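Asks: Sequence first, then the predicted structure:
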Amino acid sequence: DSYRPDNDAAFGTIHWCAGDFRSADRQLEAAVAGLSTRQASPDYAATYFMAFDGPASAHVGLALARFMRGDVQGADAQIEAALGRCRAIEFPQGPFNAAFAHYFASWMRIERGDLIGAADAVDAVAEIGGSHGFDLYALAAATQQAAIDACSALDDHGVGSDALARQAQVVEGLVDTWRLLDLALLLPFMITTAGRLRAASRDEEAAVARYDEALRFSDTTGMHWYDAEVLRVRSQLLPGEEATSGLRAALDLARGQGAVPFELRIARDLLARDEPAGHALLEAAMRQFPSDAHYTELDDARAAVATG
């Protein structure tokens with residue numbers, strides 16, 4: 001039973017990647033609880049043949065699960081717990097897993113619209129990768145920085161189509177590199193980001209191709225964790241009632257998976273399209289967040305409901 005928490009963490013991570021966020025949350029909560037009561041072994045690190053550390057990875061996994069269940073503060077607390085663990089263990093596990101934690105923290109910050117916080121996390125990944133010769137994390141930092149640059153360009157309505165298309169090419173090149181290495185990590189997110197850039201540059205055909213690529217990737221790998229968001233942005237390219245139907249399908253998927261931030265985002269899109277049940281859908285999504293959860297998209301949704 002000594003390694004039961006490690007196994008729980010591994011299976012919880014599998015559930016998360018598959019898009020079963022409720023099961024992931026339950027299993028990863030159990031994993032972290034088990035790790036907190038397990039007596040430390042002096043030769044624990046020697047039992048791992050890779051640089052990954054079981055307890056640190058479990059904290060990161062729980063951070064991701066809590067985020068997808070709407071517990072923003074709880075997610076941040078688990079990233080801090082992971083970094084605390086990393087400060088207490090030896091090289092290479094300590095810095096390697098710290099970079100791992102910062103990497104996934106950067107994605108959660110991007111999804112929350114906190115590009116400054118995301119950039120800080122990416123800087124930490126790059127510093128660790130450069131200092132210790134962790135080439136994987138040098139690539140990971142470059143990839144996440146490209147995603148931040150993409151989101152900044154998408155938020156800046158003054159950026160022209162040509163610049164957006166060039167940024168899409170950067171992201172697509174990085175996607176190809178990850179594919180060449182046969183590493184997935186946040187690949188569905190990156191493919192979808194390329195699609196958003198193509199859509200914003202008015203190349204809808206290329207955008208649809210990227211979204212379909214992301215969905216094919218999830219079908220091939222079983223990594224369905226980003227499917228609801230892919231369906232949401234793909235629906236934006238459909239006409240009239242088809243777009244609304246696409247958003248409803250995305251909402252059903254997000255609800256089935258327990259993907260609370262994506263459910264909120266989709267409900268906002270439906271409300272913007274004058275969906276008759278839009279306010280009720282948005283309220284239902286908001287109720288799943290703890291009262292202490294705050295980020296721009298959520299706060300804007302609360303304001304929209306408050307003003308009726």
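Replies: That came in fine, so what should we check first?
Asks: Please enumerate the strands of the stretch 101-250 of the chain.
Replies: Listed from the start of the chain, the stretch 101-250 of the chain has no strands (DSSP state E, counting those that start in this stretch) to report.
Asks: if I look at Ala249, how far off is Phe217?
Replies: As for Ala249, its distance to Phe217 is 19 Å (criterion: Cβ to Cβ, to the nearest Å). C-beta here means a position set from N, CA and C on the backbone, and glycine is covered the same way.
Asks: Please name the residues that touch the residue lying closest to Ala33 once chain neighbours are set aside.
Replies: With Cβ to Cβ, 6 or more residues apart in numbering as the criterion, Ala33 has its nearest non-adjacent residue at 7.8 Å, and that residue is Pro5. Taking Cβ atoms under 8 Å, 6 or more residues apart in numbering, we find Pro5 in contact with Ala30, Ala31, Val32, Ala33, Gly34, Leu35, Arg38, Gly54, Pro55, Ala58.
Asks: Inside helices: which ones of those residues?
Replies: Taking DSSP state H, the ones among the contacts of Pro5 that sit in helices are Ala30, Ala31, Val32, Ala33, Gly34, Leu35, Gly54, Pro55, Ala58.
Asks: The residue nearest to Ala33: what secondary structure?
Replies: The assignment at Pro5 comes out as helix when based on DSSP: H, G, I helix; E, B strand; the rest coil.
Asks: So for the residue nearest to Ala168 when sequence neighbours are not counted, what's the pLDDT?
Replies: Closest residue to Ala168 in three dimensions, ignoring its sequence neighbours and counting by Cβ to Cβ, 6+ apart: Leu197, at 3.7 Å. Note for Leu197: predicted pLDDT of 98.
Asks: number of nearby residues for Leu197?
Replies: As a burial measure, the neighbour count of Leu197 was computed by other Cβ atoms under 10 Å and equals 29.
Asks: about what we covered before: neighbour count: Ala249 and Phe217, which is higher?
Replies: Shown here are Ala249 and Phe217; by other Cβ under 10 Å, Phe217 has more neighbours (20 against 16).
Asks: The residue nearest to the more buried one when sequence neighbours are not counted: neighbour count?
Replies: Excluding the flanking residues, the one nearest Phe217 by Cβ to Cβ, 6+ apart is Pro188, at 6.0 Å. For Pro188, the count of nearby residues is 24 (other Cβ under 10 Å).
Asks: Am I right that Val171 is in contact with Ile148?
Replies: No - no contact is recorded between Val171 and Ile148 when judged using Cβ atoms under 8 Å, the distance being 11.0 Å.
Asks: ok, back up a step: now for the residue nearest to Phe217: which residues touch it?
Replies: Contacts of Pro188 were listed using Cβ under 8 Å, 6+ apart, and they are Ala214, Phe217, Ser218, Met223, Trp225, Tyr226, Asp227, Val230.
Asks: now swap in Leu35 and tell me
Replies: Leu35 touches Pro5, Ala9, Gly54, Pro55, Ala58, counting by Cβ under 8 Å, 6+ apart.
Asks: possible to save the residues you listed as TSV with pLDDT?
Replies: Written out in TSV, the entries for those read as follows (pLDDT from 0 to 100):
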residue	pLDDT
Pro5	87
Ala9	94
Gly54	88
Pro55	91
Ala58	96
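Asks: most neighbours, which of the contacts of Pro188?
Replies: For the contacts of Pro188, neighbours were counted by other Cβ under 10 Å; the highest total belongs to Ala214, with 28 neighbours.
Asks: shouldn't that residue be in contact with Tyr226?
Replies: Yes - under the criterion of Cβ under 8 Å, Ala214 is in contact with Tyr226, at a separation of 6.9 Å.
Asks: Now the common contact residues for those two.
Replies: Residues touching both Ala214 and Tyr226 comprise Pro188, Thr192, with contact defined as Cβ under 8 Å, 6+ apart.
Asks: so where's the protein shaky on pLDDT?
Replies: 1, 39-49 (pLDDT under 70).
Asks: tally of neighbours for Gln144?
Replies: Residues near Gln144, counting by other Cβ under 10 Å, number 28.
Asks: That one and Arg255: what is the separation?
Replies: For Gln144, the distance to Arg255 - Cβ to Cβ - is 29 Å.
Asks: try Ala301
Replies: From Ala301 to Arg255 the distance is 16 Å (Cβ to Cβ).
Asks: what do you get for Arg87?
Replies: 39 Å.
Asks: Looks like Trp107 contacts Gln144 (just checking).
Replies: Yes - at 7.1 Å, Trp107 and Gln144 qualify as touching, with contact defined as Cβ under 8 Å.
Asks: so what sits against both of these two?
Replies: Contact criterion Cβ under 8 Å, 6+ apart; residues bridging Trp107 and Gln144 by contacting each: Ala118, Leu186.
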